[in-house]
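1. need a structure here:
(4 chains)
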Protein chains: 2
Amino acid sequence: MAAVDLTTHPGHLARRLQQAHHLLWTTMVSEEITSPQFGVLNALTAEPGLDQRTVGERVGLDRSTIAEVVSRLSRRGLLDKVRDPDDGRRFLLRLTDEGARTHRRLTVRTARMNQVFLAPLSAEEQALFLTLIRRVSDAAEELRTPEELRTPEELGTPEGPRTPEETAPAGR
Amino acid sequence: MAAVDLTTHPGHLARRLQQAHHLLWTTMVSEEITSPQFGVLNALTAEPGLDQRTVGERVGLDRSTIAEVVSRLSRRGLLDKVRDPDDGRRFLLRLTDEGARTHRRLTVRTARMNQVFLAPLSAEEQALFLTLIRRVSDAAEELRTPEELRTPEELGTPEGPRTPEETAPAGR
DNA sequence: AGAAAGTAGTCAGTGCACTGATTAACTCCG
DNA sequence: CGGAGTTAATCAGTGCACTGACTACTTTCT
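-> Next up, the predicted model:
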């Protein structure tokens, strides 16, 4: 007894959503290139010569995962990996011609796939859906870095409610 | 050039959502038991003695993945795996006492975690959010099995347009 | 009864994802 | 200049997820 309804658990639904997406991706976009791999190609299309860590940041892949994804793409000849002459720790990444071609080809297909994926929702619902996911993900991401470590800029300008103590600390 | 904005791609956002969820899960619920593992414990709490494949179906894990998850849980002594005496292909699964205890303990924590996870949204938005994810996932799932293979029951009672041929099949 | 078809589970192979430990290179500061 | 701290990348280990091939058992049909 006392079992829970998983369909009310956002985590479970998030996993199912990704599985559903994976299904559509492999059938409608590509069986070779995965969605995260496309993300890397896309990031390097926007900003060629980016270093590996930053690409991972753009795409949402941690340092270990980006290393694997990049090594697969480079093994397939879709990108080049060169030591940064100005900083011997970094690798600079750049698409090969084939990498650029692949990105162009898949861009069309991903657009179609996204349409099909979101087709069950109305146009307004689609926009709302994406916004809600972003809001939830971004909020959780905030929790990663403890407040104390963040710079004032990241926290924005706090126009909001301030207690007297903050404004005139510990005073009398 | 011609790069795309990944934040408009539901697949990318789905992946990020799951990462965000994973972060909260490991910090707020458990570092040992994962979310899919909890799903299995939950399914067996609701229906003890279920066979492995059906558990996988309930939780949304394919036959390979459920096998791994189950073997981990059984290795940790959270469930028992017994051959079905009535069908030598099947394994029947049942929680051990410790498995049941673990499920109870984690249920409380997952509820708290879900609250925090969805906190950035209003109550109405939360309900809507879950519904939208379900609608998109379910629709994509439909595409897995081609229409031709599905039984009439699965397709529901079609009140809609029917061709004369269907109503009076191929007759003369 | 016996062959054919179907089903439950395993196994091998690939890929994403996270943590913690390690290495190499750079930066900062005394 | 030189040591301390920081940063980029790798590596080892664990876990989820999918496909396709295979085994073993059951059901179905002839």
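
2. Would you mind listing what in chain A touches DNA strand D?
-> Within chain A, the positions near DNA strand D by C-beta under 7 Å from any atom of the strand are A:15, A:19, A:22-23, A:26, A:51-53, A:63-64, A:67, A:70-71, A:87, A:89-91. C-betas here are computed from N, CA, C, even on glycine.

3. Please pick the buried ones from the residues you listed.
-> A:Arg15, A:Gln19, A:His22, A:Leu23, A:Asp51, A:Gln52, A:Arg53, A:Val70, A:Arg90, A:Phe91 (16 or more other C-beta atoms under 10 Å in any protein chain shown).

4. about what we covered before: same for chain B: which of the residues of chain A next to DNA strand D are within range?
-> Within the set of the residues of chain A next to DNA strand D, contact with chain B (C-beta under 8 Å from any C-beta of the partner chain) is found for A:Arg15, A:Gln19, A:Leu23.

5. Assumed the second one was part of a helix.
-> Pointing back at A:Gln19 there. Yes: counting by DSSP: H, G, I helix; E, B strand; the rest coil, A:Gln19 is part of a helix.

6. give me every residue that touches the residue nearest the centre of chain A.
-> Central residue of chain A (C-alpha atoms, centre = their mean): A:Gly60, 3.5 Å from the mean position. Contacts for A:Gly60 (C-beta atoms under 8 Å, 6 or more residues apart in numbering or on different chains) come out as A:Gly39, B:His12, B:Arg15, B:Arg16, B:Gln19.

7. give me phi/psi at it?
-> Dihedral angles of A:Gly60 (phi, psi; degrees, to the nearest 10) stand at phi 90, psi 40.

8. Dump stretch A:111-118 to PDB, restricted to CA.
-> What follows is stretch A:111-118, C-alpha atoms only, in PDB (Å, rounded to 0.1, in the frame of the first residue of the first chain):
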ATOM      1  CA  ALA A 111      12.800  21.700 -37.200                       C
ATOM      2  CA  ARG A 112      10.400  19.200 -38.700                       C
ATOM      3  CA  MET A 113      10.800  16.900 -35.800                       C
ATOM      4  CA  ASN A 114      10.200  19.600 -33.300                       C
ATOM      5  CA  GLN A 115       6.900  20.400 -35.100                       C
ATOM      6  CA  VAL A 116       5.800  16.800 -34.900                       C
ATOM      7  CA  PHE A 117       6.900  16.500 -31.300                       C
ATOM      8  CA  LEU A 118       4.900  19.500 -30.200                       C
END
